[in-house]
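Chemist: Output the structure for:
(one chain, ligands or ions: 2)
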Amino acid sequence: MFSNYELSLAFIGGGNMASALGAGLIGKRCGANDVHVIDIDEATRERWAAQGVGTAAAPGPELSGQKVWIFAVKPQVMKETVAACRPYLKPDTLVISIAAGIDSATLARWLGTPDAPWTRLVRCMPNTPSLVKAGISGLLALDGVLDTDRTVAQQLLKAVGEVVWVDNDDQLDAVTALSGSGPAYVFLFLEALIAGGEKLGLSAEQSRALALATLNGATQLAGLSPESPATLRERVTSKGGTTAAALSVFEQQGFTPMVHDAMQAAYNRASELAREFSK
Ligand SMILES: NC(=O)C1=CN([C@@H]2O[C@H](COP(=O)(O)OP(=O)(O)OC[C@H]3O[C@@H](n4cnc5c(N)ncnc54)[C@H](OP(=O)(O)O)[C@@H]3O)[C@@H](O)[C@H]2O)C=CC1
Ligand SMILES: O=C(O)[C@@H]1CCC=N1
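Modeler: Ligands and ions are numbered 1, 2, ... in the order given. The predicted structure is shown next:
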């Protein structure tokens, strides 16, 4: 379907997440000149223009020429942004929204009418490792979405990593709490490991190399091994040894419940965003 770059793409909002997706997609699924970016921020437009991408500060007729639209603005401005783009929809436009929280039925209503909601719509929750083609995206299509549209959305996101289809908006909020926000949790852990190494006398450079390779190696091992993460953890933990000493501190200080509370907070925030900005 995408041979000879048959895809034309609009990013409405060209910030962090759109840039990560664009970096993975341009040259693989589309040429730079097949992409159109609408962003109110001049510096953002200049970054895209430097890659040969057409840009505009506001939606206009050129949007009608793009087959797939990816809404990548903050949930707070989704409603007004959709309203501004809506006049340029064509019957065959596939809309993908990556906004956290804003549910599919609301988006379908904003894009269409209350009586005839837009059906060519896929909700997606990607993550920033898409920048290096190591992302993972949750995808959600309402009943009635064409199989061809599901396929296009899936191929698009597979160009920047893996995809997992979910059944409803609540599950997409759970994806948001896990893999959407998740890279930030991992970066926080990485920062803590690096700072911890330095406190114990390693240089910043040594700590960074050791921490990065440890996270990389451990996740690769977990991905390739048939054994569970719990078993792999036990393999590192010699009785009465150093790992046991460290893990007992994690346990005493409530590491696992803290991770669960953090994920619950992200999930709850997605619902709040939906309530606040879906009216
Ligand atoms: N960052 C991430 O890891 C992920 C983000 N998302 C979702 O992606 C969306 C974008 O997030 P992110 O990329 O981080 O945000 P950014 O703020 O980096 O990007 C949004 C961009 O949209 C611009 N913008 C604001 N209003 C409009 C408008 N009316 N028309 C066009 N452009 C506009 C902003 O300009 P200005 O800065 O001047 O306001 C900004 O450049 C959010 O809905 C978020 O939930 C989903 C998954 C992961
Ligand atoms: O923080 C946010 O709201 C967005 C959604 C997932 C990652 N970033």
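Chemist: hey, let's count contacts and neighbours off CA atoms from now on
Modeler: Fine.
Chemist: quick one, strands of the stretch 51-200 of the chain?
Modeler: With DSSP state E, counting those that start in this stretch as the definition, the stretch 51-200 of the chain shows strands at residue ranges 54-56, 68-71, 94-97, 121-125, 135-141, 161-165.
Chemist: Redo those as a markdown table? Include mean neighbour count.
Modeler: Shown next, in a markdown table, are the strands of the stretch 51-200 of the chain (neighbours: other CA atoms under 10 Å):
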| stretch | mean neighbour count |
| --- | --- |
| strand 54-56 | 21 |
| strand 68-71 | 24 |
| strand 94-97 | 24 |
| strand 121-125 | 27 |
| strand 135-141 | 25 |
| strand 161-165 | 18 |
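Chemist: right, and those strands - which one's nearest ligand 2?
Modeler: strand 121-125 (7.2 Å; CA to the nearest ligand atom).
Chemist: relative to strand 135-141, how tilted is the closest one?
Modeler: 150 degrees (axes from the mean of the first three to the mean of the last three CA atoms, to 10 degrees).
Chemist: Pull the CA coordinates from strand 121-125 and hand them back as CSV.
Modeler: Extracted in CSV, the C-alpha atoms of strand 121-125 (Å, rounded to 0.1, in the frame of the first residue of the first chain):
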residue,chain,number,x,y,z
LEU,A,121,-10.9,7.4,13.0
VAL,A,122,-8.3,5.5,14.9
ARG,A,123,-7.1,6.5,18.4
CYS,A,124,-3.5,5.9,19.1
MET,A,125,-1.2,6.1,22.1
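Chemist: elements contacting that strand?
Modeler: Judged by 3 or more CA pairs under 8 Å, 6 or more residues apart in numbering; DSSP states H and E, strand 121-125 is in contact with strand 94-97, helix 104-111, strand 135-141, helix 147-158, helix 169-175.
Chemist: same thing but at 7 Å, please
Modeler: With contacts defined as 3 or more CA pairs under 7 Å, 6 or more residues apart in numbering; DSSP states H and E, the packing partners of strand 121-125 are strand 94-97, strand 135-141.
Chemist: how far does that strand sit from the chain's center?
Modeler: A distance of 10 Å separates the C-alpha centroid of strand 121-125 from that of its chain, computed with CA atoms, centre = their mean, to the nearest Å.
Chemist: Say whether ligand 2 is contacted by it.
Modeler: No: shown here: strand 121-125 not in contact with ligand 2 (CA under 6 Å from any ligand atom), separated by at least 7.2 Å.
Chemist: Quickly note the distance from residue 240 to residue 213.
Modeler: 25 Å (CA to CA, to the nearest Å).
Chemist: between those two, who's got more neighbours?
Modeler: Legend: neighbour count by other CA atoms under 10 Å for residue 240 and residue 213, higher for residue 213 (12 against 8).
Chemist: Residues of this protein that sit close to ligand 2?
Modeler: Residues of the chain lying near ligand 2 (CA under 6 Å from any ligand atom): 100, 176, 180-181.
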